[in-house]
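1. here are the coordinates; sequence isn't available:
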C-alpha cells in the first residue's frame, strides 16, 4: 500500500517587500470551499473541501482538519469549467490572491498576496519534505502563524482579514 499524502507546511507573516526581488513566477488564484469552518469545528466533517483555479489549471483539494505543520492532503486536477461551476456553489467568501514563488536552496517559498476582502494580508508558506527539516529564514520573514487557524484560507473565506480588529492584524 502506498503512503498517505501528507502536506508538511509552515506559514509565516511577512515583514516587508524584501521578498519581491526573489520572485521567479506569480500566479493568480481564485478559490472557495464547499464546506465551512462550522462543519469542521463541530466535527461533522473531517476535511476541508477546496476548489481552486490557479492560472489556467484547476483543482479539487481535500485537507484533513487538524491544526499544525502536518496534515493529510489530496489534490486532483479538474477541468477549469467544472471548477468555475463549483466556485459558484461554495459557501462563505471566495479567496482571491496572487501566489509568488521564491526559490531558496532546495526549497521554494510561496508568498500569498491577498486581494478583495483579504487585501493587506501577505503570508509566506514553505512546504517541507520532513517535519524536522531545517531551513534558512529570509530577512523579510516575520512570526510563524502555522498554528493559528485564522490564517488558514478556509478561515479567511469565513472571516476575512478586513473584518479583523487592529490587534488581530498585528
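-> On my side now, so go ahead. These figures come from a predicted structure and were not determined experimentally.
2. could you point out the helix or strand that follows the lowest-mean-pLDDT helix or strand in the chain?
-> The least trusted helix or strand in the chain, going by mean pLDDT, DSSP states H and E, turns out to be helix 37-41, with a mean of 84. With elements assigned by DSSP states H and E, the helix or strand that comes after helix 37-41 is strand 47-54.
3. just checking: what are the partner strands of that following strand?
-> strand 25-33 (antiparallel), strand 57-64 (antiparallel) (DSSP bridges).
4. ok, which of those comes nearest residue 124?
-> Comparing those by their distance to residue 124 (Cβ to Cβ), the top pick is strand 25-33, with 13.8 Å. The way it works is simple: take the backbone N, C-alpha and C, and place the C-beta from them, glycine included.
5. identify all contacting residues around the longest strand seen in the chain.
-> Taking DSSP state E as the criterion, the chain has its longest strand at strand 91-104. For strand 91-104, the external contacting residues (Cβ atoms under 8 Å, 6 or more residues apart in numbering) are 19-20, 22-37, 54, 87, 108-118, 135-136, 138, 153-154, 156-158, 160.
6. helix or strand next in line after it, which one?
-> Downstream of strand 91-104, the first helix or strand assigned by DSSP H and E is strand 107-114.
7. need the next SSE after that next one, C-terminal direction.
-> Once the chain leaves strand 107-114, the next helix or strand it forms, by DSSP H and E, is strand 122-127.
8. list the buried ones in that next one?
-> 122, 123, 124, 125, 126 (16 or more other Cβ atoms under 10 Å).
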